[in-house]
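*Asks:* what follows is a predicted protein model with its sequence.
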Amino acid sequence: MDPVSPPLASFPPARADTVLHHARLAAQGIRVRAGTIEDMAFIRQLYGDLRAEELHQTGWPDAVKRAFLDSQFALQHRHFVTYYADADFLMVEHDGVTIGRFYLLRAAPYFLVVDIALVPGWRGRGIGHALMDWAKEQARAVGAAGIDLHVDERNAGARRLYARIGFVETAREGVYIAMRWQTAAQA
Ligand SMILES: CC(C)(COP(=O)(O)OP(=O)(O)OC[C@H]1O[C@@H](n2cnc3c(N)ncnc32)[C@H](O)[C@@H]1OP(=O)(O)O)[C@@H](O)C(=O)NCCC(=O)NCCS
């Protein structure tokens, strides 16, 4: 990282009312906990891995790609902790090893999934589905109207998952698709 870059801010203090237990996740050996400054290296790497393919196409030297990713990661992180300061910034763990992140803003009337991402080896095992079910349960518990999220139109896998669990497209914003699940929906 650029040595003159300002240090990254940690996450806002965890909310006192954050629910950390979900039976189906626990049954899969998955634990969820609040993120800390110690998690920055992990989430920077996760972010970099998610953008690796796109950057591969640039043909840039590795050092340039790394610097670009680090600056983009810093911007994203700053944006999240500034604009969604009241969100739950959760880390997903298996056997004490961090395998993903789940950032959920419990806003009214609609919750917002700020980010959900798992490391490649843990995808496709039902964890994302279970995390979203957990968010739905929390939305129902507090009488929220539903949950919003945004997904890149090129992210066919994630779009398929969201459609399967009852999210419907509500708008297009550039390459992003806004999707919404309503508490009153069946799925
Ligand atoms: C999207 C994501 C969080 C879903 O969690 P998951 O635990 O992999 O999903 P589940 O196992 O519960 O459900 C499987 C579904 O997830 C979707 N999926 C998306 N990307 C996937 C991947 N790389 N591997 C496997 N499944 C993926 C598919 O729809 C899959 O269903 P399918 O069998 O019909 O293809 C996870 O795959 C991930 O981290 N992907 C990369 C980051 C990302 O795209 N985040 C979403 C931003 S909006």
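*Replies:* In hand now; what should we look at?
*Asks:* drop to CA atoms for contacts and neighbour counts, all remaining ones
*Replies:* OK.
*Asks:* the ligand contacts on this protein?
*Replies:* By C-alpha under 6 Å from any ligand atom, the residues of the chain that approach the ligand are 116-118, 123-129, 150-151, 157-158, 160-161.
*Asks:* please check those and keep the buried ones.
*Replies:* Neighbour-count burial (16 or more other C-alpha atoms under 10 Å) is assigned, among the residues of the chain next to the ligand, to 116-118, 127-129, 150-151, 158, 161.
*Asks:* distance-wise, check Ile37 relative to Met132.
*Replies:* 25 Å (C-alpha to C-alpha, to the nearest Å).
*Asks:* relative to the ligand, how far out is Asp148?
*Replies:* Distance of Asp148 to the ligand, given as C-alpha to the nearest ligand atom, to the nearest Å: 11 Å.
*Asks:* what's the answer for Arg140, then?
*Replies:* 20 Å.
*Asks:* what's around that residue, how many residues?
*Replies:* 15 (other C-alpha atoms under 10 Å).
*Asks:* cool, and Ala184?
*Replies:* For Ala184, using other C-alpha under 10 Å, the count is 10.
*Asks:* number of residues surrounding Ala87?
*Replies:* Counted with other C-alpha under 10 Å, residues neighbouring Ala87 total 24.
*Asks:* how about it, nearest residue that isn't a chain neighbour?
*Replies:* Spatial nearest neighbour of Ala87, excluding adjacent residues (C-alpha to C-alpha, 6 or more residues apart in numbering): Leu105 at 4.1 Å.
*Asks:* the one you found and Ile116 touch, don't they?
*Replies:* No. With contacts counted by C-alpha atoms under 8 Å, Leu105 stays clear of Ile116, the gap being 11.8 Å.
*Asks:* tell me the pLDDT of the residue sitting furthest away from the middle of the chain.
*Replies:* Distance from the C-alpha centroid of the chain peaks at Pro61, with 28.4 Å (C-alpha atoms, centre = their mean). Pro61 is assigned 93 on the pLDDT scale.
*Asks:* one more: Val4?
*Replies:* Predicted confidence (pLDDT) for Val4: 51.
*Asks:* report the strands that pair with the helix or strand encompassing Ala178, each with its relative direction.
*Replies:* Assigned by DSSP states H and E, Ala178 belongs to strand 176-182. Partners of strand 176-182 in the sheet, by DSSP bridges, are strand 146-152 (antiparallel), strand 168-173 (antiparallel).
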